[in-house]
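In: I need the structure of the sequence given here:
(2 chains)
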Amino acid sequence: MSFLAPFYLLLAGAAAVPLLLHLLRRNVGERVEFPAARYLQRAEREHSKSLRLRNLLLMLLRVLLLLLLALAAARPFVRGVGTGHGATAVAIVLDNSLSTTAVSGGVPAFNRLRDGAHAVLLAATPADRLWLVTADGALRAGSREALLNELARVSPLEGAGDLPLAFRRAGAAVRAAPLPARVVAVATDGQRTAWASARRIPDAVAVLAFDGPPPSNHAVLGVDVQPARWTPRGAVIARIAASDSVGYRIVLGNRTAARGIAARDERPSVRLSPPERGWQSGAVELEPDDFPADDARHFAVWIGAPPAASAAASAGPFVATALATLVADGRASAGSGVTITSADMLTGLPALLLVPADPLRIGAANRALARFNIPWRFGAAVATPTAAHGGGLDGVTVSRRYRLERQGGPAPSDTLASAGADAWAVAGPGYVLLASPIDPAATDLPLRAVFLPWLSQMLGQRLGAPAGDVGAPIVASPGAPLVLPAAVDAIESASGARRSIVSEHIDAPTERGVWFLLRAGRRVGALVVEAPDAESDLTRWRPRELAQRLGGADARGVTSPDALAHAAFTAGARHPFTTPLLVLAFLLLAAEAAVVRANRPVTA
Amino acid sequence: MESSAVRADLHDPATLASLGHLEVIARWVVDGFLSGLHRSPRKGFSVEFADFRPYQPGDDLRYVDWKIAARSDRWVVKQYEEETNLRATIILDVSASMDWRGAPAAERLTKRTYGEQLAAALALLLLRQRDAVGLIRFDDAVRTSVPPRARTSQWRRLVAALMEPSGGRASDAPTALAQAARLVTRRGMVIFISDLLVDVDATLSALRGLRAAGHDVTVLHVMDPAERSFLLSGEARYADPESELVVPAGADVRAVYDRTVETVIAEWRSALGAMGARYEVVLTDQPYATPLRRVFDARQRQP
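Out: Next comes the predicted model:
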């Protein structure tokens, strides 16, 4: 039993009044002169037993009457008694995550779930408090009609949402309601990954879910683009989940770049050398199935011409030979775009800078670095052989180097590789600085296999990119908060739709796909909005299992919309018990009156 | 008050009491009562001339002195010392228990006031019948004792005696009844007006003695309506003004109280009936006609 106005239970204390009067009646009351007191005494003496019984009965009736009135005033609600349902706080959690677009029996799961929410709202009365919470955690409160209108506007999300958050908010909403019956009605496809982190709540829970097996599904779980910048060659590697072989297509821009068949658990990798230039959107698409939302996954890549580079004589013969090899392979071109030189000979950026071979030129090199606002200086020479680590240079032996010293200043920089505790290779806007000459006497880097790929990467990814480019694409879930690079003033979809950006902190678009980052109208990066790959795992909780997981013993799992409506108002609902109490109180009052009337004087 | 308009004996006693003095009210009551009677078949007869008095309507023409009427053209009737063979004694309880009235006080006389009015009216009625009337007032002792006389002045003596105060609390009815037995040596009539909140056995014993002496005994049991039927409500401690008895009670005892009073009345009626005495319960809101009729009937049965 619960109470709508429990404060009135204090009135039950009034029951002590007849009790006290009964116990103290011999000691209270004024003294009244009454000559016929001897008749009173005789009456009490001769009828003491019946009087005691009658007084006890009257006392019990009056105490019970007051208790019933106090209970009725507190507006009690009890289970299993009465008709209809009492005022109930019902929060409907409508799962509209991407997985609910999966088709089962020819109908998207979302349609059935929305029907469940609709049935709950239709069963509500004006006395109920109602909320509608969608998978993104958005909580809507209002009357039945208002929420029916809201429900009609709800559509599936492009992402997974956050069902545990939505569930918590629903629980908090009903708990805050001053109603005795509180129920969270959940309409969900029961996806295990979506509910994995959900916590049980103390309120009654009714769950509408599906009892059958989930629809078969194949999905593109992820797309890796190697390298991040194509100059112009690169590879697309797809992670595909399928129970059998499935056909795939790689789309770049508006054209099909490749097709193929992926065997089960295969990760197809397609090398491409597309003619497009600049930031491009692409997708890996599978043949459609019952859950089409994860049959395609997007990616973005920057494609450009091979970087033009030249090697100064101060860079040494190994660099000149390596660059010639890259030019011959088409991964670089001969030109003045990027200069590879010793730091003391620096005349402009972008440049790959090396230590001068002559120690006497270290001072000139530091002055050149300062002149171009590069926040690093060559310090003391270190002749202790050390193994480098990081930046793809792990295991490279460094036998002679200069300690790189960071200077103050706002210019950003990255440490690509270290030697011992010191930075060995660092990079910043327009430069890569190596703390050793590329000479076998100083390091065995030019003798190792990683030298050419490393040099190609430095030229193509670090130094060959257009000025102001933000680098690798940003990946986010639909609607997720993210931080954009500075000075991005707009984003543009692959179809050309633009949105202005006023703050670096934004929520990702709710539509999946590729959004290009614009700075003064120029594409400087890309934002890939995709649902988490876990959304493609349609493994389900059964209704009963999920109900027990969310609500414990006070939970019911159902499989039809009408059953959800019924469960929402009976699983935790309590019926008003005021009227039966008042009827009972009236009967007690009548009984009391009858007992009193039986004591009326008999007319002589 | 014109008796022809409203008979005072049928009037509400409390209203009547507010209109005048005891003596006046008694006259109104008796006049009203007599006007409602048929002429009595019984006649008084003279044995010894006592006095003349002016003729009053209703006087028997046989007692008109025609000689005086012829000489002075004035009608007078002759009065005799022994106009009757009845000597009546009214015994009135004026104890503390009689000095009580229930609510509403404005509409109710105390039992004592009612008893005094009734005694006055009875005395006057009997005196009009040429009977000798005496009075004994008692509480815890005999306060007043007026021997029975039939003279005209007896009425005033009785009224004066009724006006006397009483100081006692308890009721010592047996002593008063014994005093009555001593006052009335010849067989006569004893009218006992009391609330009977007395020592029952001793009182019955005394009454039995009066009956044994040949007296005609009429007991008028004066009760306030609130005593007859327990009309008080609420929890209270009810105290007997004549004793230390205090009884806590509430409205819940109402029914059993009423049944007890019924039993008490029945016991009195039975005990008095067994000894040949008359018994009447008189409520203080009852017009005087009823008790008067009761006593008048008793008187008529006397020789």
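In: How is the residue of chain B most remote from its centre assigned, secondary-structure-wise?
Out: Distance to the chain centre peaks in chain B at B:Arg71, reaching 41.8 Å (criterion: C-alpha atoms, centre = their mean). Three-state assignment for B:Arg71 (DSSP: H, G, I helix; E, B strand; the rest coil): helix.
In: Got the confidence number for the nearest residue to A:Ala357 once chain neighbours are set aside?
Out: Leaving aside its chain neighbours, A:Ala357 sits nearest to A:Pro437 (5.3 Å; criterion: C-beta to C-beta, 6 or more residues apart in numbering or on different chains). To be clear about C-beta, it is placed using only N, CA and C from the backbone, and glycine gets the same treatment. Per-residue pLDDT puts A:Pro437 at 92.
In: Against A:Ala127, how distant is the closest residue to chain B within the stretch 101-250 of chain A?
Out: Chain B sits closest to A:Pro180 of the stretch 101-250 of chain A, with a gap of 40.0 Å, by C-beta to the nearest C-beta. According to C-beta to C-beta, to the nearest Å, A:Pro180 and A:Ala127 sit 11 Å apart.
In: These two: who's more crowded?
Out: Each of A:Pro180 and A:Ala127 has its neighbours counted (other C-beta atoms under 10 Å in any protein chain shown); A:Pro180 has more, 24 against 12.
In: so the more buried one sits right up against A:Phe3, yeah?
Out: Yes: using C-beta atoms under 8 Å, A:Pro180 is in contact with A:Phe3, at 6.4 Å.
In: Mind listing the shared neighbours of these two?
Out: A:Pro76, A:Phe77 (C-beta atoms under 8 Å, 6 or more residues apart in numbering or on different chains).
In: Find the helix or strand that the residue sitting nearest the centre point of chain B is a member of.
Out: The centre of chain B sits closest to B:Ala119, judged by C-alpha atoms, centre = their mean, with a distance of 3.4 Å. Secondary-structure element containing B:Ala119, defined by DSSP states H and E: helix B:111-128.
In: got it, and A:Thr321?
Out: Per DSSP H and E, A:Thr321 falls inside helix A:317-329.
In: who touches that helix?
Out: Contacts of helix A:317-329 (C-beta under 8 Å, 6+ apart): A:306, A:309-311, A:313, A:332-334, A:340, A:354, A:438-440, A:446, A:451-452, A:455-456, A:459.
In: now for stretch A:431-449, what's the gap between its first and last residues?
Out: 23 Å (C-alpha to C-alpha, to the nearest Å).
In: ugh, typo on my part, it should be stretch A:101-120
Out: Note: stretch A:101-120 ends 21 Å apart using C-alpha to C-alpha.
In: mean confidence for it?
Out: pLDDT averaged over stretch A:101-120 gives 90.
In: Could you check how far it is from the centre of its chain?
Out: How far stretch A:101-120 lies from its chain's middle: 22 Å, per C-alpha atoms, centre = their mean, to the nearest Å.
In: in that stretch, what's buried?
Out: Residues of stretch A:101-120 classed as buried: A:101-102, A:104, A:108-110, A:112-120 (neighbour count, 16 or more other C-beta atoms under 10 Å in any protein chain shown).
In: the strands in the stretch 151-300 of chain B, which residues?
Out: B:189-194, B:216-223, B:236-239, B:246-249, B:278-283 (DSSP state E, counting those that start in this stretch).
In: From what I see, A:Pro274 and A:Leu252 are in contact.
Out: Yes: counting by C-beta under 8 Å, A:Pro274 does reach A:Leu252; the two are 5.6 Å apart.
In: The residue nearest to the centre of chain B against B:Ile91, yeah?
Out: No: with contact defined as C-beta under 8 Å, B:Ala119 does not reach B:Ile91; the gap is 9.0 Å.
In: tell me, what's touching these two both at once?
Out: The contact sets of B:Ala119 and B:Ile91 overlap at B:Leu135, B:Ile191, B:Ile193 (C-beta under 8 Å, 6+ apart).
In: Now flag whichever of those residues is closest to chain A.
Out: Nearest to chain A among those, with distances taken as C-beta to the nearest C-beta, is B:Ile193, at 15.1 Å.
In: Was I right to think the closest one contacts B:Ala119?
Out: Yes: the pair B:Ile193 / B:Ala119 is scored as a contact, 5.9 Å apart, by C-beta under 8 Å.
In: Find residues that contact each of these two.
Out: B:Ile90, B:Leu92.
In: hang on, isn't A:Arg400 packed against A:Ala435?
Out: No: look at A:Arg400 against A:Ala435 with C-beta under 8 Å: they stay out of range, at 9.6 Å.
In: More neighbours: the two, which one.
Out: A:Ala435 (29 against 18).
In: For the more buried one, give me its contacts.
Out: Counting by C-beta under 8 Å, 6+ apart, A:Ala435 has contacts A:Val355, A:Phe378, A:Arg401, A:Tyr402, A:Arg403, A:Leu404, A:Ala419, A:Asp422, A:Ala423, A:Trp424, A:Ala425.
In: Once you drop chain neighbours, what's closest to A:Gly408?
Out: Here the residue nearest A:Gly408, using C-beta to C-beta, 6+ apart, is A:Pro375, at 7.3 Å.
In: got it, and A:Ser269?
Out: A:Ile237 (4.4 Å).
In: gap between that neighbour and A:Ala357?
Out: Counting by C-beta to C-beta, the gap from A:Ile237 to A:Ala357 is 41 Å.
In: tell me the contacts of A:Leu65?
Out: Residues near A:Leu65 by C-beta under 8 Å, 6+ apart: A:Ala585, A:Leu588, A:Leu589, A:Glu592.
In: now the helix or strand hosting it, how far from the centre of its chain.
Out: In the assignment (DSSP H and E), A:Leu65 maps to helix A:48-73. Put simply, helix A:48-73 sits 60 Å off its chain's centre (C-alpha atoms, centre = their mean).
In: Average pLDDT for that helix, rounded please.
Out: Rounded mean pLDDT across helix A:48-73 is 81.
In: Around A:Gln407, how many other residues sit close by?
Out: Count around A:Gln407 with other C-beta under 10 Å applied: 13.
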